[in-house]
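> no sequence for this one, just the structure:
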């Protein structure tokens, strides 16, 4: 499944990408797509799923589907 | 879904419209090469409110409330108004303060830097070099763990506070009570302005466009460095192109270094001022324009940064830190160096001083 994860900091994205790669999930850093968020930070696009333990710096994770984005995870109180 | 070509087309179109508006505002009364300048306009508002006493730069610029309210309207329309904050607000205030110190050394924000270049002001080239170097310095820390930590959902009243203040500013501008200061016509840059309604509509339009496209000079160079992604910087390229063509059409393109409007020729300090501005803006997550736009979306951290910018402007003029056409001041140079040191401490403390 293709997913996009957004973060509260650039480095949060860098670390998440490393986590993905350690799990064998192809991942790359990119700017957050405009149609996903009005924030202009860094996101990670990866092939995988929601990790068992979602890092604290993660804001949201969505699945990229033909019809749009399907929410998979949202940080509490965000 | 992700459509990079469409995103690029939209942002270039928005940039072209913004450039035309910027050139038009100077024709309609704003100071030369100052169709928009977030730093200068916030400085003018600080002066109008009596926070500083520099008589030449006191006016409630309607473009600023327009930018915030335009962003608010676009965000409400697209259901993106989202009050949030709590990510190191005091640190952001300090960063905003020193970004303004840097901008007033150069005499303009990143937006005006582009407009100055489009007007033929070669001094802005030094500013551009410094600005890019400042962004590189900030990116160094971003890539090594810099974070001001997460934001949290806030009550709607918190997110709406700065837009409400902007409405009050407009009321004060129109009602012009005695305690609001106005630069007399011919008395300096504050006395040169387009009609209130024209400035307000221009601000509303650009605020809405910037909200929809996330236009940001800092983000443009940052994304180019980090991802080789030119999307955001294409917007400012379009602003430059449209303003340049507009200036040529209006006959106000004057290439050179000397005698440029509201500018000085000290290349080193033009560069260092914008170095500080770029460095601080990366750590804030966006340029002064972006801070206004995010404030309109309900981001209270950006609203705090805007307040820091305004207080920085007041300090700059109360303590002789701002440059003039004659050049930078000694205290201004000291303030910029202090700013670089303070921003570096903030960068280190929030990169290496926290448990990763």
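Here it is on my side, so go on. Owing to the predicted nature of the structure, the values given are computational and were not obtained by experimental measurement. Residues are numbered from 1 along each chain as shown, chains lettered A, B, ... in the order given.

> element containing the residue lying closest to residue B:19 once chain neighbours are set aside?
The shortest distance from residue B:19 to any non-neighbouring residue, by C-beta to C-beta, 6 or more residues apart in numbering or on different chains, is to residue B:242 (2.6 Å). (Each C-beta comes from the backbone N, C-alpha and C, glycine too.) If you go by DSSP states H and E, residue B:242 is part of helix B:231-250.

> same question, residue A:44
Assessed by DSSP H and E, residue A:44 sits inside strand A:42-47.

> ok, residue B:125 next?
Going by DSSP H and E, residue B:125 is part of helix B:123-142.

> now that helix: buried residues?
Neighbour counts over helix B:123-142 (16 or more other C-beta atoms under 10 Å in any protein chain shown) mark B:123-128, B:130-139, B:141-142 as buried.

> returning to what we had before: what comes up buried for the helix holding residue B:242?
B:231-240, B:242-247.

> up against chain B, what does chain A have?
Residues of chain A that fall close to chain B, judged by C-beta under 8 Å from any C-beta of the partner chain: A:8-12, A:14, A:29-31, A:33-35, A:38-42, A:56-57, A:59, A:64, A:66, A:68-69, A:75, A:77-78.

> gap between residue A:47 and residue A:6?
17 Å (C-beta to C-beta, to the nearest Å).

> residue in the stretch 201-350 of chain B with the shortest distance to chain A?
Of all residues in the stretch 201-350 of chain B, residue B:214 sits closest to chain A, at 4.5 Å by C-beta to the nearest C-beta.

> what's the closest non-adjacent residue to that residue?
Looking at residue B:214 with C-beta to C-beta, 6+ apart, the closest residue is residue A:40, at 4.5 Å.

> which residues does that neighbour contact?
A:31, A:32, B:214, B:216, B:219, B:232, B:285, B:286, B:290 (C-beta atoms under 8 Å, 6 or more residues apart in numbering or on different chains).

> try 10 Å this time
Shown in contact with residue A:40 (C-beta atoms under 10 Å, 6 or more residues apart in numbering or on different chains): A:31-32, A:34, B:213-216, B:218-220, B:222-223, B:231-232, B:285-286, B:290, B:293-294.

> so residue B:7 touches residue B:234, yeah?
Yes: taking contacts as C-beta atoms under 10 Å, residue B:7 lies within contact range of residue B:234: 9.5 Å.

> okay, residue B:5: pLDDT?
Per-residue pLDDT puts residue B:5 at 86.

> is it fair to say it lies in a helix?
Yes: the assignment for residue B:5 (DSSP: H, G, I helix; E, B strand; the rest coil) places it in a helix.

> rounded mean pLDDT for the helix or strand that residue B:42 is a member of, please.
Per DSSP H and E: residue B:42 is located in helix B:38-48. For helix B:38-48, the mean per-residue pLDDT is 98.

> check stretch B:314-324 too.
Stretch B:314-324 comes out at a mean pLDDT of 98.

> please spell out which residues along it are buried.
Neighbour-count burial for stretch B:314-324 flags B:314, B:315, B:316, B:317, B:321, B:322, B:323, B:324 (criterion: 16+ other C-beta under 10 Å).

> just the endpoints, please. Distance across it?
The first residue of stretch B:314-324 is 15 Å away from its last residue (C-alpha to C-alpha, to the nearest Å).

> what sits against the residue of the stretch 101-250 of chain B found nearest chain A?
Going by C-beta to the nearest C-beta, chain A is nearest to residue B:147 of the stretch 101-250 of chain B, at 3.5 Å. Residue B:147 makes contact with A:7-12, A:57, B:87-88, B:141, B:350-351, B:354, B:356, according to C-beta under 10 Å, 6+ apart.

> try it again with 8 Å
A:8, A:9, A:10, A:11, A:12, A:57, B:350, B:351, B:354.

> check contacts around the fourth one.
Yep, that's residue A:11 we're talking about. Counted by C-beta under 8 Å, 6+ apart, residue A:11 has contacts A:57, B:142, B:143, B:144, B:145, B:146, B:147.

> tell me the pLDDT of it.
pLDDT, residue A:11: 91.
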